[in-house]
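In: The following block contains a protein sequence and its predicted model.
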Amino acid sequence: MWSKRVKLGLAALLMTGVLAGCGQTENNNAGGNEETPKKEETYSGTIALAGSTALQPLAEEAANAFMEKYPDVSITVQGGGSGTGVNQVAAGAVQIGNSDVPAAEKLDDKSKASELVDHKVAGIAFAIVVNDDVNVDNLTTKQIQDIFSGKIKNWKEVGGPDEAIHVINRPASSGTRATFEKTIMKDVKVNDSIGTVQDSNGAVEQAISSTPGAVSYVAMSYLIGEKKNLKTVKIDGAEPTVENIRTEKYPFWSYEYMITKGEAKEEVRAFIDFVKSEEFAPTVKNMGYIPMTELE
Amino acid sequence: MQQMYTKRRNRWLEEYIGRTFAVVCGWLIVLITVTMIIFLAVKGIQSFTDSRLSLSDMLLSAQWDPNGTPPRYGALIFIVGSMLVSLGALLISAPIALALAIFMNFIAPKWFVSLLKPVLELLVGIPSVVYGWLGVTILVPLLREWFGGSGFSLLAGIIVLSMMILPTITSVAADALANVPMAYMEASYGLGSTRWQAISRVIVPAAKAGIATGVVLGLARAFGEALAVQMVIGNTIKLPSGLDSPTATLTSILTMDMANTINGTPWNNALWTLALILLLISFFFIAVIRLVGSGKER
C-alpha cells in the first residue's frame, strides 16, 4: 500500500518536473524523492553497458531515448552475456553490467559481490513454446518437469498427438535456463542428455519452428510483433500476462538487473532511474518486457 | 664522391629498414604465438591449482554438470565429439580433395581449371556462419527426413565441416602436385607407365609432404571450427550413440558457455582448461601428420 502511494507520488513529481519545467516543486512528498532527478537537471558523460543479451534490446532503446533527452550523455550498449556483464562491471571496464541474475548468484567470491549493487530495471516473462504440430494448449508444472527430465517422452502422455517429444534446452550457463530451472524445474534436474541445446533465443526460435514435436522456452520479448509466430503453451492454465505474474499465477518470469560497482555516478543513476520510470514504461511494455512500475 | 656516398648510405638504410622489418615481423609472430600458449596454459591449469579439480576426472569422465551438487567437470564427451567430427570430416574430404587436385592438374582442360580455381578460392572465403546457416536450413531437415530424430547430429556436423575444409585441402594439394617437376612424369612415361600409373605411383608420392600439409591445414580448421558445427551438431551433452545422434564438441561448449560464466569460478576455469585441451590436441594432430609427411617423402 505504502509503496504504491510512494510510487504515485514519485510519478506525480516526475510529471510536474517534466511538464512544469520551472518553479519550485511543492515539497509534499517527503517519503521517496531522494532519487527523483532535480528539475532542469542536465547530465553529461559517457556510460558503457555490457552483458545480458536478453536485456540488450531494452537497454539500447533506453539509451537512445535517454540520449535524446540529454544530448550531452553518450551511451554505448554491448551484449556478451550476463557473465560478461558481471565480469566487466566488477573489473571497472563498464559502468553498468546487464545481467539476468543478481551478481551474487554468478560470483563465487562473495567479497567481490559485496561491492556490486543490483538494480532491478524490468521484469521479463518467459513462455513454453512448442512446434505447430503439437496440439497441446496447457501443461502443468509437473508435466513440464517430467518432459525436461526425460520421464515423459511422447506428447500423447500429456494429451497431445502420438509423437516423440523433442526437448530443446539453452546452455547450462544461460540466464533463461537459470530462470527456467529456478521457477519451473525447482528440485528436478534438467536432463542434458536428451534433445538438443541451442545457443540463443533466436536459434531456439528457428529450431522450434522447424523441428516436429519440439518444446523449449524463450523470453516473451522474442514473441512480440512480427516474431509472434511460435505457439506458446499455458502453464497450470495461466497465460504469461502481467496480471497473472502480479497475482503469482504465472511463475515463469524474472527480473533483469543493471549492476553497478559501488556508488553509481550521477548520470549512471539517472539512466537506471530512467529505465525504471513511468515515462519509459510504455516502451518497456511494447518491447515485451514488464515495466517496474507494474511489478510493485 | 659525396653523392655516391649518400646513395650508398641510402641503400644501406633501405636494406637495414627492410631487414629489420622482416626480422621484427618474424619475432612478433613467434612472440604472439608463444604468449598465447603461455596464457592459455596459465589459465588452463587454474582448474587444478585454484579450483582443485582432478585432471583424470576431467579427461576421462563423461559427467559434465557445472550446476550440479557437487559440480562435475568431465570433458570426455567434448573431446570425443571434437575428434569424431573432425576426423569424420577429414575422412570425407581428404580423398575428394586429392581427387580434385589430380583432376585439376592432369585431367581437366585448361579452361575448366581456370574456372575451378576461383570457385575453390570463393569457397574458402565463405564465412562459417553461412555454412552453419545452410546446414540448419537445408541439411538438418534433410537428415531429419532420412534418419528421423531431430536432424541435429554428428553426421550434420561432419558434412558441414567436410564442405568447409574441402577447398583448403584441395588448393594446397593441387599446388603440391603442380610443384612436382615435369621430368618425373616424363621419366615415368619413359619407363612405359600409363597416365594413371604415373600419377598414382610417382606424382602423388612425390607430393606427399605438400598434400599432408593440406590435410593438416584442413584438420586444424576442422578442429577449431566453432560456429558452423555448433549450429548443426545439437550440443547435447552425451556421447554420440551413432552418426545420427547429437553430441557436443570442445568448441561448441566453449562458445555457448564462455560469455556466461564469471572469471575465477571453477566453471570458467574448467572452460579455459577445455581451450587448452583443444590447443594441445591440435598440436598433437599437426605433429603426427608432419611426421607422416616427412617420413614418407624419403
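Out: On my side now, so go ahead.
In: rest of the way, CA atoms for contacts and neighbours
Out: Noted.
In: Name the SS class of residue B:69, please.
Out: coil (DSSP: H, G, I helix; E, B strand; the rest coil).
In: and residue A:86, what does it touch?
Out: A:51, A:97, A:98, A:99, A:103, A:106, A:259, B:262 (C-alpha atoms under 8 Å, 6 or more residues apart in numbering or on different chains).
In: Would you mind identifying the next helix or strand past the helix or strand hosting it?
Out: Assigned by DSSP states H and E, residue A:86 belongs to helix A:82-91. Past helix A:82-91, further along toward the C-terminus, the next helix or strand under DSSP H and E is strand A:96-99.
In: what does that next one contact?
Out: With C-alpha under 8 Å, 6+ apart as the contact definition, strand A:96-99 has outside contacts at A:47-52, A:55-56, A:81-89, A:175, A:256-261, A:268.
In: Would you mind listing what in chain A touches chain B?
Out: Within reach of chain B by C-alpha under 8 Å from any C-alpha of the partner chain, chain A has these residues: A:80-84, A:86-87, A:106-108, A:166, A:171-175, A:192-199, A:210-212.
In: For chain A, what's the nearest residue on chain B?
Out: Residue of chain B nearest chain A, by C-alpha to the nearest C-alpha: residue B:260 (3.8 Å).
In: Please name every helix or strand in contact with the longest helix anywhere in chain B.
Out: As assigned by DSSP state H, the longest helix anywhere in chain B is helix B:2-44. If you count contacts as 3 or more C-alpha pairs under 8 Å, 6 or more residues apart in numbering or on different chains; DSSP states H and E, helix B:2-44 packs onto helix B:266-297.
In: The helix it packs on and chain A, any residue contact?
Out: No - using C-alpha under 8 Å from any C-alpha, helix B:266-297 stays clear of chain A, coming no nearer than 8.8 Å.
In: tell me the mean pLDDT for that helix?
Out: Mean per-residue pLDDT for helix B:266-297: 81.
In: And for stretch A:210-225?
Out: 88.
In: residues contacting the closest residue to residue A:126 other than its chain neighbours?
Out: Leaving out its chain neighbours, the residue that sits closest to residue A:126 by C-alpha to C-alpha, 6 or more residues apart in numbering or on different chains is residue A:219, at 4.2 Å. Residue A:219 makes contact with A:54, A:124, A:125, A:126, A:127, A:176, A:201, according to C-alpha under 8 Å, 6+ apart.
In: how about a markdown table for the residues you listed, with neighbour count added?
Out: Shown next, in a markdown table, are those (neighbours: other C-alpha atoms under 10 Å in any protein chain shown):
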| residue | neighbour count |
| --- | --- |
| A:54 | 26 |
| A:124 | 24 |
| A:125 | 23 |
| A:126 | 23 |
| A:127 | 24 |
| A:176 | 27 |
| A:201 | 19 |
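In: So which of those residues is the closest to residue B:248?
Out: Distance to residue B:248 across the contacts of residue A:219 (C-alpha to C-alpha) is lowest for residue A:201, with 18.8 Å.
In: Pretty sure the closest one sits against residue A:221.
Out: No - using C-alpha atoms under 8 Å, residue A:201 makes no contact with residue A:221, being 9.7 Å away.
In: returning to what we had before: convert the C-alpha atoms of the helix holding residue A:86 to PDB, please.
Out: This file holds the C-alpha atoms of helix A:82-91, laid out as PDB (Å, rounded to 0.1, in the frame of the first residue of the first chain):
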ATOM      1  CA  SER A  82      25.300 -12.000 -18.300                       C
ATOM      2  CA  GLY A  83      28.700 -13.400 -17.200                       C
ATOM      3  CA  THR A  84      30.400 -10.800 -19.300                       C
ATOM      4  CA  GLY A  85      28.300  -8.100 -17.800                       C
ATOM      5  CA  VAL A  86      29.200  -9.000 -14.200                       C
ATOM      6  CA  ASN A  87      32.900  -9.500 -15.200                       C
ATOM      7  CA  GLN A  88      33.200  -6.200 -16.900                       C
ATOM      8  CA  VAL A  89      31.500  -4.200 -14.200                       C
ATOM      9  CA  ALA A  90      33.500  -5.900 -11.500                       C
ATOM     10  CA  ALA A  91      36.700  -5.000 -13.400                       C
END
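In: just the angle between that helix and helix B:266-297, please?
Out: Interaxial angle, helix A:82-91 versus helix B:266-297 (axes from the mean of the first three to the mean of the last three C-alpha atoms, to 10 degrees): 110 degrees.
In: Quick check: mean pLDDT of helix A:82-91?
Out: For helix A:82-91, mean pLDDT is 87.
In: do stretch A:122-142 as well
Out: The average pLDDT for stretch A:122-142 rounds to 92.
In: Buried residues in that stretch, which are they?
Out: For stretch A:122-142, the neighbour count (16 or more other C-alpha atoms under 10 Å in any protein chain shown) marks A:122-132, A:134, A:136, A:138-141 as buried.
In: chain center to that stretch, what's the gap?
Out: Distance, stretch centre to chain centre, for stretch A:122-142: 17 Å (C-alpha atoms, centre = their mean, to the nearest Å).
In: That stretch: end-to-end distance?
Out: 28 Å (C-alpha to C-alpha, to the nearest Å).
In: Around chain A, pick out the residues from the stretch 101-250 of chain B.
Out: Applying C-alpha under 8 Å from any C-alpha, we find that the stretch 101-250 of chain B lies next to chain A at B:141, B:150, B:152, B:231, B:234, B:235, B:236, B:237, B:238, B:246.
In: returning to what we had before: quick one: buried ones out of the residues of chain A next to chain B?
Out: The buried subset of the residues of chain A next to chain B - by 16+ other C-alpha under 10 Å - is A:80-84, A:86-87, A:106-107, A:166, A:171-175, A:192-199, A:210-212.
In: List the residues that contact the residue in the stretch 151-296 of chain A that chain B sits nearest to.
Out: Distance from chain B to each residue of the stretch 151-296 of chain A (C-alpha to the nearest C-alpha) is smallest for residue A:196, at 4.6 Å. Applying C-alpha under 8 Å, 6+ apart, we find residue A:196 in contact with A:166, A:167, A:168, A:169, B:152, B:234, B:235, B:236, B:246.
In: beta partners of the fourth one?
Out: Following DSSP bridges, residue A:169 is listed with bridge partners residue A:197.
In: and it, how many neighbours?
Out: Look at residue A:169: counted by other C-alpha atoms under 10 Å in any protein chain shown, it has 29 neighbours.
In: wouldn't it be in contact with residue A:201 here?
Out: No - under the contact definition of C-alpha under 8 Å, residue A:169 does not touch residue A:201, with a separation of 10.2 Å.
In: so who does the residue of chain A found nearest chain B touch?
Out: Nearest to chain B, among the residues of chain A, is residue A:83, at 3.8 Å (C-alpha to the nearest C-alpha). Residue A:83 is in contact with A:51, A:52, A:99, A:106, B:258, B:259, B:260, B:261, B:262, counting by C-alpha under 8 Å, 6+ apart.
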